[in-house]
Structures are given as structure tokens and as C-alpha cells.
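> Okay, sequence plus prediction incoming.
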Amino acid sequence: MAITAVKVILTCPGRNYTLVKIETDQGVYGVGDGTLNGNEATVASMLQHMGELIIGHDEDRVGDIWQLLYHWGYWRNGPIFKSALSAIDIALWDIKGKKAGMPVYQLLGGKAREGAMVYGHAHGKDHVEVEDSVRSFMERGYKAIRAQPGPYGGAGMLARSSPRRPDLPPTDTFEPTPYMLQVAPLFDHLRNTVGLEIELLHDVHEQLTPIQAARVAKDLEPYRLFYLEDALRPEYLEGFRLIRAQSTTALAIGEIITAREQYLMLFREQLIDYIRCAPIHIGGITEAYKMMTLAEPYQIKSAFHGAADIGPIGQAAAVSVDVVIPNFGVQEWTRFPDQTYEVIPGAYEMRDGYAYPNETPGIGLDIREDLAAKYPYNPAWMPLVRRADGTVHVY
């Protein structure tokens with residue numbers, strides 16, 4: 001029993017993905033996803049380097065291989081390193097499930113629920129357009145919906161300048177005051193039109209300072225948000241003490257947090273209500289399960305990241321954990337380009353607002369290498385943002 005190859009597949013069927021296929025001497029292979037938006041080629045290089053270490057290892061020793069790769073790195077916990085580790089971990093769980101003849105969720109202890117409640121992304125240029133978008137999700141059975149006034153930053157995104165070169169992104173100009181003044185009136189409109197029972201979320205996307213975020217959270221209290229996402233940058237987690245002291249609005253963070261150690265203060269002081277990390281960015285299924293076990297005594301729930309920058313395999317890994325853990329909260333959900341489903345067949349289904357794992361042994365998906373080769377990697381960049389005075393700002 002041994003790993004014979006770690007194949008890295010960099011492809012762009014509608015958008016870029018960094019995929020891995022681990023082969024064994026028994027003819028069983030597993031697939032994984034290490035996509036990191038804007039850094040797909042860098043993760044691919046890390047995977048090629050890291051993969052050499054596990055050739056010849058027993059594929060059944062998933063936990064041992066995780067520890068080996070984690071500690072081999074020495075400089076560990078960064079998003080590039082953790083995304084590569086995640087891809088390998090998911091592929092190893094896929095192999096283990098195939099050999100056992102069981103879907104991965106069964107190996108984690110079996111279902112605690114039949115399906116995982118998901119949320120989608122509603123947006124529009126004004127309150128009525130956002131309302132219409134929310135209603136379209138409700139008509140499709142969604143029980144939870146994230147509402148955004150336009151792009152991240154809403155009315156605070158004042159302008160867009162042309163890129164310096166055609167292959168680079170444009171630069172947006174953001175100011176917080178117009179955005180802050182827009183958020184509460186939007187949710188006042190939504191609660192008065194779509195009602196109080198539908199679960200509504202909102203993503204600040206780290207645009208604000210702690211005092212600004214505390215003001216927004218306080219302003220949103222009457223509208224019973226399911227949660228307010230990424231109110232602060234992860235570099236300033238102490239600021240959640242200020243927000244928590246000022247508001248009962250539920251809080252979520254973690255989309256770009258890659259290490260469990262970063263959460264410890266938030267857990268101990270119960271400064272957040274939901275973890276927004278993605279299994280494919282923190283160390284795979286192995287680490288996601290441990291993370292949620294660590295959060296459980298503090299009554300903190302999962303809300304795994306699942307936007308379009310995570311492919312169907314990463315989505316499946318998240319749902320496999322979602323249906324098992326006792327402290328599940330919600331799962332971000334997206335539909336991928338049609339080409340993606342051709343290259344990566346077997347994606348999990350969403351019905352009436354819930355995602356369901358399939359019953360195929362392993363993770364339940366595959367990678368069509370022949371089709372992946374038809375969609376070459378297309379170098380891409382994350383958005384660029386500056387303040388009105390020219391100061392660099394976060395996306």
C-alpha cells in the first residue's frame with residue numbers, strides 16, 4: 001500500500017482551479033482541491049514540491065501524513081502552504097472512502113443531519129434590486145440569503161480607474177461613510193418587504209475600522225441578521241471585543257484565517273458566533289473537523305466559505321464535514337460554470353435550500369484530466385482598492 005504519484009492539475013473551465021490527483025499502487029486514486037483565488041499557480045508549485053515527500057507513503061495514514069507535511073514546512077500556516085496541504089488531505093480521505101466503500105461523511109461518524117442549510121448571494125444597485133434578488137433566492141427554496149448593496153463596499157465604492165496594463169485589474173476607490181450610511185436602510189427595507197423570518201446575512205468584507213464596524217453592527221440590531229460577516233480584518237481580532245460590547249448582532253469571521261491558533265482568543269471570549277474558514281484553505285477535512293471540535297464548547301458554529309473561488313471538490317469537502325458536526329450553522333453555496341461540472345463531475349446537489357452529499361464512496365467527485373487540458377490556466381489577479389486620497393485599502 002503506497003502512494004505512487006501526486007498529479008497537479010491547473011485548469012480554467014470557467015475560472016481557475018488548482019486540483020490534485022493522488023495515485024496508489026492498488027489502482028485507487030483520490031482527488032483534492034487547493035484553489036486559492038489569484039494564487040492558483042503558486043499553490044500548484046507548492047503541491048509539486050510537497051507531493052514529493054509522500055511518494056511511497058502508506059495512503060491510509062492520513063493523520064500521519066498531515067503531521068508530516070505540516071511540520072516539514074517549518075514556515076507553516078500561510079494560505080499557500082495550507083491550501084496545498086488541504087488538497088492532499090482531501091485526496092487521501094477520498095482514497096480512504098473508496099477503499100472502505102463509504103462516502104467520507106460516514107468515516108467521520110455519519111450524519112448528524114440530512115442536509116446542510118446553504119445561503120446564496122443577493123445583490124443590486126439599489127434597495128429594490130436587492131429585494132428582487134432576495135426574492136429570487138427565496139423562490140428557489142433558500143432559507144438564508146446574503147444581501148449586498150452592489151459590490152463589496154456598496155455606495156462606498158466611488159469610482160473605478162483603468163488598469164495600468166490590459167492584463168492587470170482596475171483600481172476601485174472606496175470611502176466608508178457612504179457605505180455605512182447605506183447598510184441599515186437597506187435592511188430596514190428588506191425586513192419591511194420580505195419579512196422577518198427569512199435569514200439575512202451581510203458581508204462587510206473587512207472594509208471598516210473597529211469603531212466603524214461597531215456602529216454598523218449596532219445600527220443593524222433591529223433587523224435580526226443571521227450574522228454580520230468579516231466586520232474586521234483578521235490582523236485586528238482584538239477589535240471584536242469592542243463590537244461585542246456594543247451590539248448583539250451575530251458575528252462571523254475566518255474566510256482568510258488559516259490557522260486554528262488565530263481563533264483561540266475569539267473562542268475563549270466568545271467574540272464570534274460563526275467560523276467562516278474554508279476546509280481547502282486550513283488543512284483539509286482533517287483540520288476542519290478538529291477546528292469545529294475546538295469551537296463546540298464555546299457554542300460557535302460553522303459557516304464554511306463556499307464562494308465561486310472554491311471548486312466542486314472543495315465544496316464537497318465542506319459539506320462532508322457540515323453534515324457530521326454537531327455545531328453546524330450554515331454553508332455558503334454557489335453554482336459553478338457549466339464547464340466546471342464537465343471537468344469535475346459528481347458535484348453535490350442543492351435542493352430547497354439544503355446541500356446533500358452523494359452516496360458515492362470517497363468524496364464522490366472525479367477529475368477529467370482530458371477535459372481539464374482543454375482549459376488552460378488563465379493568470380488572474382485579485383481586485384485593487386484605494387481610498388479617495390490614494391492610500392491603499394483592502395479588498
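Perfect, thanks for sending it.

> quick one: pLDDT of the closest residue to V194 other than its chain neighbours?
Here the nearest residue to V194 in space, its sequence neighbours aside, is V134; by C-beta to C-beta, 6 or more residues apart in numbering that works out to 5.5 Å. The way it works is simple: take the backbone N, C-alpha and C, and place the C-beta from them, glycine included. Predicted confidence (pLDDT) at V134: the value is 98.

> After the helix or strand harbouring V134, which helix or strand is next?
In this assignment (DSSP states H and E), V134 forms part of helix 127-139. Next along the chain after helix 127-139, taking DSSP H and E as the criterion, comes strand 144-149.

> before we move on, the earlier item: other residues contacting the helix holding V134?
The set of residues external to helix 127-139 that reach it, using C-beta atoms under 8 Å, 6 or more residues apart in numbering, is 120, 122-124, 145, 147-149, 185-186, 189-190, 193-194, 198, 200.

> which among these gets closest to W75?
Each of the contacts of helix 127-139 was checked against W75 using C-beta to C-beta; the closest is Q148, at 35.5 Å.

> Helices of the protein, start to end?
With DSSP state H as the definition, the chain shows helices at residue ranges 40-51, 62-72, 79-100, 104-107, 127-139, 176-194, 210-219, 239-246, 264-268, 279-282, 284-295, 312-322, 338-343, 369-372.

> so what does the third one touch, helix or strand wise?
In terms of contacts (3 or more C-beta pairs under 8 Å, 6 or more residues apart in numbering; DSSP states H and E), helix 79-100 is packed against strand 17-24, strand 29-33, helix 40-51, helix 62-72, helix 104-107, helix 279-282, helix 284-295, helix 312-322.

> one more time with 7 Å
The helices and strands touching helix 79-100, judged by 3 or more C-beta pairs under 7 Å, 6 or more residues apart in numbering; DSSP states H and E, are strand 17-24, strand 29-33, helix 40-51, helix 62-72, helix 104-107, helix 279-282, helix 284-295.

> coming back round to it: tell me which of the helices of the chain sits nearest to G34.
Taking C-beta to C-beta as the criterion, helix 79-100 is the member of the helices of the chain that comes nearest to G34, at 3.1 Å.

> If we go by neighbour counts, what in the closest one is buried?
Of the residues in helix 79-100, those buried by neighbour count under the rule 16 or more other C-beta atoms under 10 Å are 79-99.

> I'd like the distance between the residue nearest in space to the middle of the chain and A373.
The C-alpha lying nearest the average C-alpha coordinate of the chain belongs to H305 (C-alpha atoms, centre = their mean; 2.1 Å). Distance, H305 to A373, using C-beta to C-beta, to the nearest Å: 28 Å.

> ditto for F226
Here the distance between F226 and A373 works out to 42 Å (C-beta to C-beta).

> Between those two, tell me which one has more neighbours.
Comparing F226 with A373 by neighbour count (other C-beta atoms under 10 Å), the higher total belongs to F226, at 23 against 11.

> hang on, the more buried one packs against I198?
No - look at F226 against I198 with C-beta atoms under 7 Å: they stay out of range, at 9.3 Å.

> wait, V330 sits on R113?
No - counting by C-beta under 7 Å, V330 does not reach R113; the two are 11.9 Å apart.

> Between those two, which has more neighbouring residues?
Neighbours around V330 and R113, counted as other C-beta under 10 Å, are more numerous at V330. The numbers are 24 against 13.

> residue contacts, that one?
For V330, the residues meeting the contact criterion (C-beta atoms under 7 Å, 6 or more residues apart in numbering) are M117, V118, Y119, A144, A303.

> Just give the nearest non-adjacent residue to the second one, would you?
Distances taken as C-beta to C-beta, 6+ apart place W333 nearest to V118, at 3.6 Å, with adjacent residues excluded.

> can you count the residues close to that neighbour?
Counted with other C-beta under 10 Å, residues neighbouring W333 total 23.

> now E229
24.

> So what pairs up with it in the strands?
For E229, the beta-bridge assignment (DSSP bridges) gives partners D203, A252.

> pretty sure it is touching L201, no?
Yes - if you go by C-beta under 7 Å, E229 and L201 touch, sitting 6.3 Å apart.

> In terms of residue numbering, what are the domains of the protein?
As assigned by automatic domain parsing, the chain contains the domains 3-103, 107-360.

> can I get these in CSV with distance to V392?
Compiled in CSV, the domains of the chain are given as follows (distance: least, C-beta to C-beta, whole Å):
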stretch, distance to V392
domain 3-103, 16
domain 107-360, 9
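
> so for stretch 186-199, what's the average pLDDT?
98.

> Need the residues that contact that stretch.
127, 130-131, 134-135, 138, 143-145, 147, 149, 200, 220, 223-224, 226.

> Could you tell me which of those residues count as buried?
Neighbour-count burial (16+ other C-beta under 10 Å) applied to the contacts of stretch 186-199 gives 127, 130-131, 134-135, 138, 143-145, 147, 149, 200, 220, 223, 226.

> neighbours around the nearest residue to Q315 once chain neighbours are set aside, how many?
If you skip the residues right next to it in sequence, Q315 has G306 as its closest partner in space, 5.7 Å away by C-beta to C-beta, 6+ apart. Residues lying near G306 (other C-beta under 10 Å) number 25.
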